[in-house]
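>>> No sequence on hand, only this structure:
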């Protein structure tokens, strides 16, 4: 099988009108097969903003798989779920497992932990990538950019380690930390 790439993106928020620039760059890389978007597609999560995001997404030549972030929770309803479905899901591509989790409210829904347990068990023998918006722990401790509960953060990180997750990706802190 030919090597491939996937792109990772988060926190477009108020840059929806100019996101086509990065999409154009992604489209130039023929090895990119899809985009993983780890939340904050919009500024306030309104239906209009999500429709605009979806309209801009049509410029991408590859699929985009997204979970929601805290900004999608800012409207009077969670339009993300009405328009796109669940924020917690799992798929495989060429033998690699991908899990996207909805951590937009600085927690994971208890039902999603049940799903995650099965997804982790099923992917133990393959490369596994997990993406979500708010990280369990703030990488530098200065932005309140972590789960609301350190106990839950420890639980999730323990599950990911036990499940042999190879790579975890987060948005929210607007920075890169290895």
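Yes, it's here. These numbers come from a predicted model, not from an experiment. Numbering: from 1, shown residues only.

>>> ok, now which ones touch the residue positioned nearest the centre of the chain?
The residue lying closest to the centre of the chain (C-alpha atoms, centre = their mean) is residue 38, at 2.3 Å. Residues near residue 38 by C-beta atoms under 8 Å, 6 or more residues apart in numbering: 8-10, 66-67, 69, 100, 131-133, 169-171. C-beta coordinates here come from the backbone N, C-alpha and C atoms, glycine included.

>>> Weed out the non-buried ones from these.
Neighbour-count burial (16 or more other C-beta atoms under 10 Å) is assigned, among the contacts of residue 38, to 9, 10, 66, 67, 69, 100, 131, 132, 133, 169, 170, 171.

>>> Tell me how many other residues crowd the nearest residue to residue 157 once chain neighbours are set aside.
Excluding its sequence neighbours, the residue lying closest to residue 157 (C-beta to C-beta, 6 or more residues apart in numbering) is residue 136, at 5.4 Å. Residue 136 is flanked by 23 other residues according to other C-beta atoms under 10 Å.

>>> mind checking which helix or strand residue 136 is in?
In the assignment (DSSP states H and E), residue 136 maps to no helix and no strand.

>>> I'd say it and residue 145 touch.
No - Residue 136 is beyond contact range of residue 145, at 10.3 Å (criterion: C-beta atoms under 8 Å).

>>> Sketch out the strands for the protein, chain order is fine.
5-9, 32-38, 64-67, 89-93, 96-101, 128-132, 167-170 (DSSP state E).

>>> Could you give the separation of the fourth one from the chain centroid?
Here strand 89-93 shows a centroid-to-chain-centroid distance of 12 Å under the convention C-alpha atoms, centre = their mean, to the nearest Å.

>>> List the buried residues for it?
Across strand 89-93, burial judged by 16+ other C-beta under 10 Å covers 89, 90.

>>> what does it contact?
Contact with strand 89-93 is made by 6, 33-34, 65, 67, 97-100, 115, 119, 123, 126, as judged by C-beta under 8 Å, 6+ apart.

>>> Which members of those are classed as buried?
Applying 16+ other C-beta under 10 Å to the contacts of strand 89-93 flags 6, 34, 65, 67, 97, 98, 99, 100, 115, 119, 123 as buried.
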